Every structure is written in C-alpha cells, then in structure tokens.
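> model this:
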Amino acid sequence: MPLEPLRSRALDAPGIHHGFFGRKGGVSEGLYDSLNCGFGSKDARAAVAENRARAATALGGKPDRLVTGYQVHSPDVAHVETPWLPGDAPKVDGLVATKPGIVLGVLAADCAPVLFADPTARIVGAAHAGWRGAVGGVLDATVNAMVRLGARASSIRAAVGPCIGKDSYEVGPEFPTPFLAENPANRDFFRPARREGHFMFDLTGYVGRRLERLGLGAVERLERDTCAEADSFFSYRRSCLNKEADFGRGLSAITLAE
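Next comes the predicted model:
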C-alpha cells in the first residue's frame, strides 16, 4: 500500500517535502498495526526499521538519512548536520536542518507534531510538542534555532499535525495552573469536563496560538484527533483507556529536496 501522509498547504513549497504519517501502510502487526515508527515501543525492531524506511522514501529521502531525537518533553533543539543512528539520538524535542536530503522526524501518539519551513532561506525544522514541551518553550526554541541559521520568523511557515483533540483530552484540576501562570488568556483552551473539577484541554489551539505569537508567516492546524480516530492514528491515551500493553508511534517528517 503506498503511503499517503497528510500534508499542509502552509508547507507546500518547491523543494520541500513533508508528511504527517498515520498508522496505515506499514508492516507491523497487532497493537502496532501497521506503520509504527517508534523504536521506543516493544515492536519488532526490523518492522520499525522497515516502516521508517517506507516513510523516508515516500518523502523522496533515503532511509538512512531519517533522524529522530530521543524525545523527553524538553525545550532542547539539535542542528542536524549529519544523520545519526537511532541508538545515538540526543535527548532533544526539536530538530533543524539546512542540508538537503536530511529527513527530520518527530514521533507522537497524542502529542502535537509541528513541522516548520522557511522556503526562501531553505531551512526546515520539526518539534515534538506535548503539553510540557509546549509550555517549556520547544516551539520558540525551534524557531529561534532556525533564525540563528539564517531564517526570518516572518518567512517561516508552520503546521500543527494530528494530536489528541479537545473533546478527548480530559485533565485534572491542577493541570491549568502552569498555563494560566504563563498567560491568563490561556483559559481559552480549557472548558469544564463532565467530571467535577476536571477540564477538557485544547492542545492544538494552545500550540497554534504560541506559534502565532512568534510572528510566523503562516500557521496551519490540521485538527485531527489521534485519540478518537483509532483507524487512522496511534494514541497513548486510547491505549491506556483500553488497558493495552503498549502503543505505536506515528511519524511526522520534513526534508529539503536534494
């Protein structure tokens, strides 16, 4: 089955290939059916490697030039000049590159994957934005890293990929505190849940607003719910609700064409 990743109009520019891959089109089985791209899962390593190779090839890249970080919900960003082996990945949640052919990837299963491009300066970036990373500044840090390499914020385009949706993301009473401490206007992203004292959180909305405040040239939100769309996406929250032993990881990636 040919891979058909979701794409963003905001990132549609000559010489830039990108895609937000769902769970279909791979070789993994069982809980990981079928395009699981996360070596951190308990899936067969050979299957994950084949899935990653298929995704890289779908973007016109070479399998051995797809890089992902060891994601730890941090604001840390790496400038990727040469590909690394999966076991050598640094602990970062943002990646930037200026060299054609390097495929920057982030893994997610409810967190928000964000892809960036400055088509004029020929610089691309990718960020893994769970709520901790987003509040901690990984989006700002990724944009700043691109600017240091020669990009202009006003020329950078960004797309927020599939993540847990506002109708699926119930959080506890303590959860809004860091968001409201950052900016009282962030109350816009919370509404009461059915359970007393709990809230429903709009991660896509929050990530999108943080990006817009950076003065970027364009920001698009794909508005797909990984938790609710079981046939299309992997989801950590759904796996917990279903009491499953593990879960697959979806890949979002971007590259400068050679």
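> residues near Tyr169, how many?
Using other C-beta atoms under 10 Å, Tyr169 has 22 neighbouring residues. Glycine gets a C-beta too; all of them are placed from N, C-alpha and C.
> The one 3 residues further on now?
Using other C-beta under 10 Å as the criterion, Gly172 is surrounded by 11 other residues.
> Quick check: chain neighbours aside, which residue is closest to it?
The shortest distance from Gly172 to any non-neighbouring residue, by C-beta to C-beta, 6 or more residues apart in numbering, is to His198 (6.0 Å).
> The one you found: what's it in contact with?
Under the criterion of C-beta atoms under 8 Å, 6 or more residues apart in numbering, the neighbours of His198 are Glu170, Val171, Gly172, Pro173, Pro192.
> which residue is nearest the centroid of this structure?
By C-alpha atoms, centre = their mean, the chain has its centre lying nearest to Pro113, at 1.4 Å.
> in the sheet, who's paired with that one?
His128 (DSSP bridges).
> Find me the pLDDT at the spatially closest residue to Asp64 that is not a sequence neighbour, would you?
Spatially, and ignoring its direct neighbours in sequence, Asp64 is nearest to Pro83 (6.3 Å; C-beta to C-beta, 6+ apart). On the pLDDT scale, Pro83 is placed at 98.
> Surely Pro83 is in contact with Val67?
Yes: at 5.1 Å, Pro83 and Val67 qualify as touching, with contact defined as C-beta atoms under 8 Å.
> higher neighbour count, the two?
Legend: neighbour count by other C-beta under 10 Å for Pro83 and Val67, higher for Val67 (24 against 17).
> Name the strands paired with the helix or strand harbouring the more buried one and say parallel or antiparallel.
Using DSSP states H and E, Val67 sits within strand 66-68. Using DSSP bridges, the strands paired with strand 66-68 are strand 103-108 (parallel).
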